[in-house]
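Trainee: Have a look at this prediction, sequence included:
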Amino acid sequence: MEFRGYKRLAIDDRYKLIEYYGIANIEECNHNIINNYMWQSSFPLWWKEEDNVLYLIGMHNDELFMYMPLCVKEKREAAIKHLLDEFKDESYSLIYYTEEYKDIVLSLIPSLSVSEMEDSFDYIYEYDKITTLSGKKLQKKRNHVNAFKKEYEGRYQYCTIDDCQLDACLKVLDKWEHTKEALQDDEYLHNEYLGIKFLLQNYHELPIKGGCVYIDGVIEAFALGSYGSNRMVQENVEKADGNIRGLYPFLMSEFLKHEFKNEAIVYVNREDDLGLEYLRKSKRSLYPAFLVKKYLIRKE
């Protein structure tokens, strides 16, 4: 289905996105192929390739939005100008624009309104520190992991997700979804559930890696991730039983060590906190190396 000359994003388009994300090498969590597919229920996307640039536009709450064009660095300004010219007679939002791209936009149209998307800032961590939980600042996290290992000694196992684990993860996901009775009206959680289900159902078609933790033969946690750039891993999904002490940091550490053991990897992007205080507290407790600032740019 086309939309203003753009093609609706489908699973068969994955190779095109893989190609252009590799070219653009953007280190921002929303400009990531896995997230693009994961959030199709709430942020449907359309794409177009033109003059060695891939453009992504979408609709959210009946409003047009545009992502940063995917291309080599030398073509960014020309690509953004083309995009702005194409929609010059319409209202739109440019969302999740990084500092560099925001500056290019304002150099072209200074009158556009700009605001920081603080709740969408990415938390970036050093790979070595977050996988080993080393250092005095992360002592509490190590204590939680050690407590988990001690309590469940001989009863837990980390596994890379394969076909057997895919079926089990889908069943666990459904179980978790149906136990959230108090949150059934939470649109975000429902869309997240739909997105994770899509990723698991299309696991072998997407550039994604997964890992899970068994306790007493039952999956109690799983994670899904991808490469955010040539030096950065992105954790797209991390789900665990929050009542089991130390399970979350154990899953995080094991997942990264097993699935992304690569000398080229320097950073881990654990995405944003959505403005939720408990998420913000959790992400800050891991002491990020830096945050990726993002901006919302509007034409009314």
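Mentor: Cool, got the structure.

Trainee: Quick check: bridge partners of Phe65?
Mentor: Gly58, Ser93 (DSSP bridges).

Trainee: low pLDDT regions in the stretch 101-250 of the chain?
Mentor: For the stretch 101-250 of the chain, the stretches flagged by pLDDT under 70 are 178-185.

Trainee: rerun at 50
Mentor: Filtered on pLDDT under 50, the stretch 101-250 of the chain yields the residue ranges 182.

Trainee: in it, which spans are helices?
Mentor: Along the stretch 101-250 of the chain, the segments classed as helices by DSSP state H, counting those that start in this stretch run 127-132, 139-151, 163-179, 187-201, 247-259.

Trainee: what's the closest of those helices to Tyr214?
Mentor: Comparison of the helices of the stretch 101-250 of the chain against Tyr214 by Cβ to Cβ identifies helix 163-179 as nearest, at 8.8 Å. Every C-beta, even on glycine, is put in place using the N, C-alpha and C of the backbone.

Trainee: which other helices and strands contact the closest one?
Mentor: Judged by 3 or more Cβ pairs under 8 Å, 6 or more residues apart in numbering; DSSP states H and E, helix 163-179 is in contact with helix 187-201, strand 209-215, strand 218-227.

Trainee: could you dump the helices of the stretch 101-250 of the chain to JSON lines with distance to Gly210?
Mentor: Formatted as JSON lines, the helices of the stretch 101-250 of the chain follow (distance: least, Cβ to Cβ, whole Å):
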{"stretch": "helix 127-132", "distance to Gly210": "17"}
{"stretch": "helix 139-151", "distance to Gly210": "20"}
{"stretch": "helix 163-179", "distance to Gly210": "7"}
{"stretch": "helix 187-201", "distance to Gly210": "8"}
{"stretch": "helix 247-259", "distance to Gly210": "7"}
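
Trainee: residues touching Arg280, list them.
Mentor: Residues near Arg280 by Cβ atoms under 8 Å, 6 or more residues apart in numbering: Asp273.

Trainee: separation between it and Val292?
Mentor: Note on Arg280: its distance to Val292, by Cβ to Cβ, to the nearest Å, is 15 Å.

Trainee: ok, now Asp273?
Mentor: Asp273 is 12 Å from Val292, by Cβ to Cβ.

Trainee: list residues touching both of those two?
Mentor: Common neighbours of Asp273 and Val292 (Cβ under 8 Å, 6+ apart) are Phe121.

Trainee: Looking at the helices of the stretch 101-250 of the chain, which one is packed in the most?
Mentor: helix 247-259 (a mean of 21; mean count of other Cβ atoms under 10 Å).

Trainee: Whatever helix or strand comes next after that one pairs with which strands, parallel or anti?
Mentor: The C-terminal neighbour of helix 247-259 among helices and strands, as given by DSSP states H and E, is strand 267-269. The pairing partners recorded for strand 267-269 under DSSP bridges are strand 122-126 (antiparallel), strand 232-240 (parallel).

Trainee: And strand 267-269, what's buried?
Mentor: By neighbour count on 16 or more other Cβ atoms under 10 Å, the buried set for strand 267-269 is Tyr267, Val268, Asn269.

Trainee: Tell me the one of these nearest Tyr123?
Mentor: Asn269 (7.4 Å).

Trainee: who's in contact with that closest one?
Mentor: Glu27, Cys29, Asp122, Tyr123, Ile124, Gly228, Met232, Val233, Gln234, Glu235, Val292.

Trainee: which residue packs closest to Tyr6, ignoring adjacent ones?
Mentor: If you skip the residues right next to it in sequence, Tyr6 has Trp46 as its closest partner in space, 3.5 Å away by Cβ to Cβ, 6 or more residues apart in numbering.
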